[in-house]
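> Sequence first, predicted model second:
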Amino acid sequence: MDQIKWCMQQKKGIELVEPNDNLRDAYLIKAEEALDTLRTSKSRDWQLTTAYYTIYHGIYSLLMKIGIKCEIHSCTIEFTKRFLKGHFSTEDFELIDKAFSARIDSQYYVNRKVPNQNYEFIMKRTPAFLVKCKNVVLEQKEIEDIRSLL
């Protein structure tokens, strides 16, 4: 089954709501706060967690602009890959995937170590990814087109 369809069938999955610029701004603030925590944390695990949430809240701000609510992170990521691919590069999607995996490994498991190469990639790319999210311009036509596909 198509993952987007599956996500739309889940209780906290993808749902159409009213687009909301105020919520978009609020999620960008949450992303900035996570980035500030990333910069001040001494813990590698918390750096990975806050890097992920910087990325996630940046993405979620775009969903709020479109009018998409989703509480399943993997569904939010799949939505981004499917419907916002024109705004992000292959390297951006690599960052999202690595940060998602690293956050799970560092937050939920004591015996899983995130490879140094992935850690460094995430730490280096996260601030620029948030800037990219802030600079994404979603025209009304694009928003309508995305919404019509759901």
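Sure, I can see it.
> quick one: Thr37 from Asn118, how far?
Distance, Thr37 to Asn118, by C-beta to C-beta, to the nearest Å: 20 Å. The way it works is simple: take the backbone N, C-alpha and C, and place the C-beta from them, glycine included.
> Tell me which other helices or strands the longest helix seen in the chain touches.
Longest helix in the chain by number of residues (criterion: DSSP state H): helix 44-66. Secondary-structure packing of helix 44-66 (3 or more C-beta pairs under 8 Å, 6 or more residues apart in numbering; DSSP states H and E): helix 21-40, helix 73-83, helix 90-108, helix 116-135, helix 140-148.
> if we go to 6 Å?
In terms of contacts (3 or more C-beta pairs under 6 Å, 6 or more residues apart in numbering; DSSP states H and E), helix 44-66 is packed against helix 21-40, helix 90-108, helix 116-135.
> Thr37 and Asn118 - which one has more neighbours?
Asn118 (19 against 16; other C-beta atoms under 10 Å).
> What is the burial count for the closest residue to the more buried one other than its chain neighbours?
Distances taken as C-beta to C-beta, 6 or more residues apart in numbering put Lys98 closest to Asn118, at 5.0 Å, once the chain neighbours are dropped. Lys98 has 22 neighbouring residues, counting by other C-beta under 10 Å.
> What score does Lys98 have for pLDDT?
With respect to pLDDT, Lys98 has a value of 98.
> cool, and Gln107?
88.
> How many residues are close by the residue lying closest to it once chain neighbours are set aside?
Distances taken as C-beta to C-beta, 6+ apart put Thr49 closest to Gln107, at 5.5 Å, once the chain neighbours are dropped. When counting by other C-beta under 10 Å, one arrives at 21 neighbours for Thr49.
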